[in-house]
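Asks: Sequence and predicted structure are below.
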Amino acid sequence: MPTETFEFQVEARQLLQLMIHSVYSNKDVFLRELVSNASDALDKLRLAALRDDAPGADTSDLHIEIEPDGDARTLTVRDNGIGMTHDEVGRLIGTIAHSGTAAFLEELKEAKDAAGAEGLIGQFGVGFYSGFMVADEMTLLTRRAGEARGTRWTSRGEGTYTMETVDDAPQGTSVTLHLKPADSDDQLHDYTSARKIKEIVKKYSDFITWPIRLVTPAPAQEAPAGGDGAEAAGGGPAAPETLNSMKALWARSREEVSDDEYHELYKHIGHDWRDPLETVRLQAEGTFEYQALLFVPAHAPHDLFTQGFRRGLQLYVKRVLIMDDCEALLPSYLRFVKGVVDAQDLSLNVSREILQQDRHIRMMQRRLTKKLLSSVKDMMARNPERYTTFWREFGAVLKEGLVTDAENRDALLAVSSFPTTYGDGGPTTLKGYLERMEDGQEDIYYLTGESRRSIENSPHMEAFRDRGIEVLLLTDPVDEVWVDAVGEYEGKPMRSVAKGEIDLGGRTGDDAGTEREQQADAYADLLGWMTEQLDEGIKEVRLSSRLTVSPACIVSDAHELTPALENMYRAMGQEVPPARRILELNPDHQLVKGLNQAYRENEDRTRLAGTVEVLHGLAVLAEGGRPKDPARFVQLMSERLERAL
Ligand SMILES: Nc1ncnc2c1ncn2[C@@H]1O[C@H](COP(=O)(O)OP(=O)(O)OP(=O)(O)O)[C@@H](O)[C@H]1O
């Protein structure tokens, strides 16, 4: 078979460069990555066998081998798992399939220091490539279980790699690293040293549920074969030593397991190089027994909001992994949680469809959800800083639960926090807001919008700002939805400052009522005329009690959809009749007063009609929208500016 040469995909090449000129100081982790891949490959093969989906595969002694060779300066990590087809090698090893790679590389360019870059790389788990931190050449020999021929892949990590078909590859995958010279200044250890290998495996891979064996080539001994024929080597002097304890961490008591051990398990499952933010254990006893070890990552992945986001919850049945990415175990708003759930009494070959219906799974889901929410609540009380990180990373996802999970709504509200106009603007809970509410205030005020800046500068906020009334500033898309779904908190209605009539209670003073009535009389004709002038988008023009600086703003009826929500529904393909909105005028503003005067004094109101259009356009702009006919708006505006010169 000819050896073919291929070029790495652009992103892959960039990542490889990063690995070779490693920004990552701890190079030992390359071994963890290779062992982790080997372990996944063994899990996959066993799963396929459980489903009778691996004809011709040998599953008799599934294991991982590590074989150093000091003379040749190589290190081989070998598994007899699922292996890869020729096609898969090209696809999985030559490219980077992670969806957010482009975004990642952008961020990486911006990361100012090595620590930042290190953190980012962790998110993308450039697993296999990490071998190039310690090797100047890597060879991968693999044969997909059940197939006749295998593939050899070789690369020096520069622009290209080669692939060839081979006839005599053992089942599974072996990765051979041609090691760079040891250099302790650069944290490049001697990775052919048995002591070093044992230390790394113990530290990072002890929990792996497959045996990790150290194979030391004895001079007079035949090299032990990987997979087939391994048993035949019996009688030789040194049986390979198993380096890991293989204990399932989730089945052990808390006292027996160190935080570091939990963290290593998380990194394996979560494909993350960083420690998790929180570890949550649950041991359910009784008629349906199960153990769970759940992790909240410290960073939200880039693709959390994309369709097809892969969750990281693994389902085991009596220590056997039966499903990766098990979506039935947690509601969608907790999809960022990683971990393991190990149940005693499920069938080994349950399908995803059956799981969705299963009564026990539903019970587990409820209990796991409650446990996670109570852990977040504890975190809030015991470790506010950690909670702040949690909320920054996952708040937007968790709030989806306020809409979809009525049962846990109160628990979710209790752990939710929101930016606010109070104090330094840092997030507040609804409880905190309630405690600060002054006598007479009946509602919890909020405003939704695209960014904090645009909300803070919105005309709707003016009266609230003047009177020092706290307003929650909601900028996540989901905020539009949950405020409607939740409606109230502790009997206090949630009220958008951009919706309905705002009556700020007795705060305006005793004369305010009569003053307003007088104004209403004075403006009545103008308002009626303006309503006629504006097109069907505006159903009413009225005086405002929320403006102090701006001349006008647009508000929605209390029960109308906001424009953002309208757009959202349309984007989802739903038909929504356009909402008819209200234009509010500030009766104390010079422009509005002038408008009223001009209305009274002029019979011919053609020009005035144009001014009304401009005023409406300005209000649309102020809330972040765009005038319906921008060219006409600009023309009307220019004419008026010209006259003012
Ligand atoms: N030993 C192996 N046996 C079978 N397939 C493998 C093996 N090593 C790697 N692969 C395949 O190559 C893919 C890419 O591996 P790589 O280590 O680069 O990333 P990953 O494992 O998907 O992600 P991460 O590094 O974040 O864990 C794997 O997803 C797997 O499909």
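Replies: Arrived safely. Residues are numbered from 1 along each chain as shown.
Asks: per-residue pLDDT, residue 628?
Replies: Here the pLDDT value assigned to residue 628 is 86.
Asks: so how far is residue 591 from it?
Replies: Using Cβ to Cβ, to the nearest Å, one gets 21 Å for the distance from residue 628 to residue 591. Quick note: C-beta positions are derived from backbone N, CA and C, even for glycine.
Asks: neighbour-wise, which of the two wins?
Replies: Neighbour count, other Cβ atoms under 10 Å: between residue 628 and residue 591, residue 591 has more, with 16 against 13.
Asks: Now that one. Nearest residue, chain neighbours left out?
Replies: Leaving aside its sequence neighbours, residue 591 sits nearest to residue 551 (Cβ to Cβ, 6 or more residues apart in numbering; 4.4 Å).
Asks: Was I right to think the one you found contacts residue 586?
Replies: Yes: between residue 551 and residue 586 a contact is recorded at 5.4 Å, counting by Cβ atoms under 8 Å.
Asks: Quickly list what's touching both of these two.
Replies: Taking Cβ atoms under 8 Å, 6 or more residues apart in numbering as the criterion, residue 551 and residue 586 both touch residue 592.
Asks: what's the neighbour count on the residue in the stretch 201-350 of the chain positioned nearest to the ligand?
Replies: The shortest separation between the stretch 201-350 of the chain and the ligand is 3.3 Å, found at residue 271 (distances taken as Cβ to the nearest ligand atom). Around residue 271 there are 20 other residues, counting by other Cβ under 10 Å.
Asks: do you know how far it is from residue 88?
Replies: Plainly put, residue 271 is 18 Å away from residue 88 if you go by Cβ to Cβ.
Asks: cool, and residue 591?
Replies: 68 Å.
Asks: residues contacting the residue nearest to residue 474 when sequence neighbours are not counted?
Replies: What sits nearest to residue 474 in space, not counting adjacent residues and going by Cβ to Cβ, 6+ apart, is residue 448, at 4.6 Å. Residues in contact with residue 448, defined by Cβ under 8 Å, 6+ apart, are 455, 474-475, 479-480, 483, 496, 498, 562, 564.
Asks: any idea how far residue 461 is from residue 448?
Replies: When distance is defined by Cβ to Cβ, residue 448 is 12 Å away from residue 461.
Asks: hey, what's in contact with both of these two?
Replies: Between them, residue 448 and residue 461 share the neighbouring residues residue 455, with contact defined by Cβ under 8 Å, 6+ apart.
Asks: Quick check: residue 345 is in a helix.
Replies: No: counting by DSSP: H, G, I helix; E, B strand; the rest coil, residue 345 is not found in a helix; it is coil.
Asks: Going along the chain, name the strands of the stretch 351-500 of the chain.
Replies: Counting by DSSP state E, counting those that start in this stretch, the segments of the stretch 351-500 of the chain that form strands are 444-448, 472-474, 488-489, 492-496.
Asks: And those: which comes nearest the ligand?
Replies: Distances from the ligand to each of the strands of the stretch 351-500 of the chain were compared by Cβ to the nearest ligand atom, and the smallest falls on strand 472-474, at 34.0 Å.
Asks: just checking, what packs against that closest one?
Replies: strand 444-448, helix 452-456 (3 or more Cβ pairs under 8 Å, 6 or more residues apart in numbering; DSSP states H and E).
Asks: okay, these in a markdown table with distance to residue 524 and mean pLDDT next?
Replies: Compiled in a markdown table, those are given as follows (distance: least, Cβ to Cβ, whole Å; pLDDT from 0 to 100):
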| stretch | distance to residue 524 | mean pLDDT |
| --- | --- | --- |
| strand 444-448 | 29 | 94 |
| helix 452-456 | 32 | 86 |
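Asks: Please convert these to TSV, extending it with distance to the ligand.
Replies: TSV is the format used below for the helices and strands packed on strand 472-474 (distance: least, Cβ to the nearest ligand atom, whole Å):
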stretch	distance to the ligand
strand 444-448	36
helix 452-456	34
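Asks: Next, the contact list for the residue nearest the centre of the chain, please.
Replies: Centroid check for the chain by Cα atoms, centre = their mean gives residue 304 as the closest residue, at 3.2 Å. Residue 304 makes contact with 335-336, 397 under the criterion Cβ under 8 Å, 6+ apart.
Asks: secondary structure class for it?
Replies: Classification of residue 304 into helix, strand or coil gives coil, according to three-state DSSP.
Asks: And the pLDDT for it?
Replies: 89.
Asks: Can you tell me how far it is from residue 310?
Replies: Residue 304 is 10 Å from residue 310, where distance means Cβ to Cβ.
Asks: Quick check: neighbours shared by the two?
Replies: When contacts are counted by Cβ under 8 Å, 6+ apart, residue 304 and residue 310 have no shared neighbour.
Asks: burial count for the closest residue in space to residue 469 that isn't next to it in sequence?
Replies: In space, residue 469 comes closest to residue 445 once its chain neighbours are excluded; the distance is 6.4 Å by Cβ to Cβ, 6+ apart. By the criterion of other Cβ under 10 Å, residue 445 has 23 neighbours.
Asks: now do residue 197
Replies: The tally of other residues near residue 197 (other Cβ under 10 Å) stands at 24.
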